[in-house]
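Novice: The sequence and its predicted three-dimensional model are supplied below.
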Amino acid sequence: TYIQEGRASAVMKSFRSMLPRYSNVIRDGKVRRIMARELVVGDIITVRVGDQVPADARVLYSQELKIEKSSLTGESMPVTMRTTAHPDDKIEDASNIIFNTAKCTDGECVAVVFAVGDHTLIGRIAHLASSTTVEQTPVQKEVRHFVIRLGIFAGILALIFLIICFARGKDWHDAIVNGFIFVIIACVPEGLPFTVVSCLAVTAKRMAENQVFIKELRSVETLGSATVLATDKTGTLTMNKMTVSRLWFDFLPTVAETVIRDYIHQPPRYTASTVLPRIYADTLVRSPTLNLLELVAACCNGARFADETDLSPEQAAAIGAEAASRRDADIDRNILGDASDTALLSFMVRRQPVELLRFHNRVVFSLAFNSRNKFAITIVAPQDKFYGTTLLNLESGSDTSVTGLTGDTTSTATTAELTTKPAHRMRIASLGTKDVRIESAERPVEARLLLMKGAPEVVVARCSHFMLRGVRHAITDEFLEEFRSVYDGFGSKGERVLGFAYLELSPAQYPAAMDSQYSWDKGNVPSTGLCFLGLVSLVDPPKASVPRAIQQVRGAGIKVIMVTGDHETTGEAIARQVGIITKRTRGQVARESHIAIDDVKGEFEAVVVHGRELAALTTDQWTHLLQLPEVAFVRTTPEQKLQIVEQLQRLGHVVAVTGDGVNDSPALKRADIGLAMGIMGSDVARDAADVILMNDDLASIVEGIRYGRAIFDNLKKTIAYCVTHLVPEAWPTLLTICFDLPAALSSLAILAIDLGSE
């Protein structure tokens, strides 16, 4: 139809708006900038930070290339690309394939084009979205069935009246007009179309007040008729923004919000008059370990404010004077950088003025994170004197005094007191540690700090000590066991984990004169013997309202399943956090029992299905799978999302699909009702959907379901009202025909009454 063609045209227009306009291509040995539509298969292209990939291409050379393709595949984190890939990987998962419209967030590459136009991944998605047929809504089906039944009834009744007229000897003109046509007019509810549209329009207006925008009136009732809600993860269930989730330091796993709320941050600048926070105080309030960890998070960080500039001493003093208000202002500033660094900087902004911390710790050398080393290094030069560390020996019988332990610069405590106080003994005896460092002495300005951030297993392998409440301890098996337990625990919940460490550089070996001479290639940057500080986990967190919304949708009798392109661990973790998966799965039992998943026996009511398994499923297996109470699909392609919707519809379900990315558009269009995110959603998803959640809040669906079900009840009452006029209009006509009584109503009078009253 014309309307369907118009919708398909709008979807295609949205796809075209996503395509990059220009591309850097190597032709005749020279780099040229050409229109992206002029690319052909076999062209050699270059992609740098900030570029959109102009075609599907295979990477020939990569310099720490990271590609963000969440709208295409559902992965919330940028993916590091290489020149090789695992032979068993699907093309969508291959680490050496970059796709048209994906964004380069870091590094650069040279690649060869192997697909352009409709043959690219986004081209195939566009074809699926534009060619998908639109099914009738439940209310359309119900009204159609009612009209057919009413038409048959009216025809039969009119025929009966016509026969009675002829039997009573009426002439054919009188029989046709007062018998046949009269009954047809009486039976047809002329006001029904207007009444239905009015009900839908009023309900659509009420839903709009609840941030649910209905693009087509026919979709109003469909949401209330839904029996299955298939929801995307990234941007729908989650915020599509990496955030610091948890920290582990001083042997304490702590959620980020607790750190922000309860821990006192240490000032970035120390003078002789500065009163140090007590080292051996309540760790729920102060932690020297956290202070150093935050220094690494702020300075060993490639993210920057969009408007960040080098501070002058006057500007730094002004920021220090209004630190609290400055922190509130920094929260709203735009941050540029990759997802991990941006998350760390966003966390630090809520702790203290980051620019001030960086001002007092000038970066003299930095080594960016790369896939080969799996860590980043920054060397900072403190700009003022500040309290540092003094090496102590805690061998038995030692009587060394330590200054600065009680919150001022004059008090002392002996090591005997240090090791005998129950609250301060920590794990010194059990760990067998002798050499410790205590933050107490004033370090000269020439001292440099080396800060390291990276993959936890790589960082801890380069450390000889770890810090516990401001005290350095030699790494032991007990520490490593605790480290692995926490690391595995964070990772099992789908969180990305980073390790943090530092090293104080000796001024004698690394004087200030070396600041401009540090070079990783020359080997004069130390990277071993560091002190491990802790772990930080990053996650794309669920929206706060989602768990309750999922519970309410289920309470309305609607089954909720998750369909995402993200990884299995991340997908299952989010599904559990929001309540889509609550029972044990086969994979969970296998992990907990340390056995192969095929060795797990028994039936399970919850299942997490990988996209690679879908191709081998038979019709019966699909039926069994979709009848399980709790289902989540991970690593799915746009074609597989579409297939899942079609299989649900085959089982008779009315399917609602939520999504925000380009990869969701075919399923959004094919579903009985598609719901797109209004803020985070792509233009393609919004054009393909029937309903737009203007506030990106899944809880708005609950109100939509309530209004949708109410309108179905209202429509049934409206139809009943429209049909009730049949009896008072038909009986007088029948009496007139049978007993030759005067006509009570004419055909025009009945038509006027019906139109006026209905």
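Specialist: The structure has been received and is ready for your questions.

Novice: Arg448 and Leu223, how far apart?
Specialist: Separation of Arg448 from Leu223 (C-beta to C-beta, to the nearest Å): 61 Å. For glycine as for every other residue, the C-beta is placed from the backbone atoms N, C-alpha and C.

Novice: When these two are compared, which one has more neighbours?
Specialist: Neighbours were counted for Arg448 and for Leu223 using other C-beta atoms under 10 Å; Leu223 has more, 29 against 24.

Novice: contacting residues around the regular element (helix or strand) spanning that one?
Specialist: Element membership of Leu223, judged by DSSP states H and E, is helix 222-225. With contact meaning C-beta atoms under 8 Å, 6 or more residues apart in numbering, helix 222-225 is reached by 137-139, 654, 656, 672-673, 675, 690-691, 701, 704-712.

Novice: quick one, what contacts Val59?
Specialist: By C-beta under 8 Å, 6+ apart, the contact set of Val59 is Leu65, Met81, Arg82, Thr83, Asn96, Ile97, Ile98, Cys109, Val110, Ala111.

Novice: pretty sure Val553 is in contact with Val546, am I right?
Specialist: No: Val553 is beyond contact range of Val546, at 10.3 Å (criterion: C-beta atoms under 8 Å).

Novice: Show me the strands in the stretch 101-250 of the chain, by range?
Specialist: 103-115, 212-214, 228-231, 243-249 (DSSP state E, counting those that start in this stretch).

Novice: What strands line up against the third one, and which way round?
Specialist: With DSSP bridges as the test, strand 228-231 is paired with strand 559-563 (parallel), strand 655-659 (parallel).

Novice: quick check: mean pLDDT across the first one?
Specialist: The pLDDT scores in strand 559-563 average 95.

Novice: Tell me which residues are up against the next helix-or-strand element following it.
Specialist: Sequence order places helix 568-578 as the next helix or strand after strand 559-563, per DSSP H and E. Contact partners of helix 568-578, identified using C-beta under 8 Å, 6+ apart, comprise 76, 233, 237-238, 491-495, 540, 542, 546-547, 550, 562, 564, 581-582, 585, 587-588, 608, 610, 632, 634-635.

Novice: Just the buried ones from these?
Specialist: Applying a neighbour-count criterion of 16 or more other C-beta atoms under 10 Å, the buried members of the contacts of helix 568-578 are 76, 233, 237-238, 493-495, 540, 542, 546-547, 550, 562, 564, 581, 585, 587-588, 608, 632, 634-635.

Novice: Could you identify which of the strands of the stretch 101-250 of the chain is most buried?
Specialist: strand 228-231 (a mean of 26; mean count of other C-beta atoms under 10 Å).

Novice: Run through the residues that contact the most far-flung residue of the chain relative to its centre.
Specialist: Most distant residue from the mean C-alpha position of the chain: Gly169, 77.3 Å away (C-alpha atoms, centre = their mean). Neighbouring residues of Gly169 by C-beta under 8 Å, 6+ apart: there are none.

Novice: one step back: could I get the strands of the stretch 101-250 of the chain in CSV, plus columns for mean pLDDT?
Specialist: What follows is those, written out as CSV (pLDDT from 0 to 100):
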stretch, mean pLDDT
strand 103-115, 90
strand 212-214, 86
strand 228-231, 95
strand 243-249, 93
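
Novice: what residues does stretch 139-152 touch?
Specialist: By C-beta under 8 Å, 6+ apart, the surrounding residues in contact with stretch 139-152 are 136, 187-189, 192, 196, 218, 221-222, 225, 711-712, 715, 719, 723.

Novice: Going by distance to Leu72, which of the residues you listed wins?
Specialist: For the contacts of stretch 139-152, the closest approach to Leu72 (C-beta to C-beta) belongs to Thr222, at 27.8 Å.

Novice: What separation do you get for the closest one and Tyr518?
Specialist: Per C-beta to C-beta, Thr222 is found 64 Å from Tyr518.

Novice: neighbour-wise, which of the two wins?
Specialist: Using other C-beta under 10 Å, the more surrounded residue of Thr222 and Tyr518 is Thr222, with 28 against 19.

Novice: Do you know the pLDDT at the more buried one?
Specialist: Thr222 carries a pLDDT value of 85.

Novice: In CSV, list the C-alpha atoms belonging to stretch 85-101.
Specialist: C-alpha atoms of stretch 85-101 as CSV (Å, rounded to 0.1, in the frame of the first residue of the first chain):
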residue,chain,number,x,y,z
ALA,A,85,40.8,-13.7,13.1
HIS,A,86,39.8,-17.0,14.4
PRO,A,87,38.7,-19.3,11.5
ASP,A,88,35.6,-20.4,13.4
ASP,A,89,34.3,-16.8,13.9
LYS,A,90,31.3,-15.5,12.1
ILE,A,91,32.0,-12.5,9.9
GLU,A,92,30.2,-10.3,12.3
ASP,A,93,32.5,-11.4,15.1
ALA,A,94,35.7,-11.5,13.1
SER,A,95,38.5,-9.3,14.7
ASN,A,96,39.8,-8.3,11.3
ILE,A,97,36.6,-7.1,9.6
ILE,A,98,35.3,-3.5,9.9
PHE,A,99,31.8,-2.6,8.8
ASN,A,100,30.3,0.4,7.1
THR,A,101,29.1,3.2,9.5
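
Novice: Understood, closing this out.
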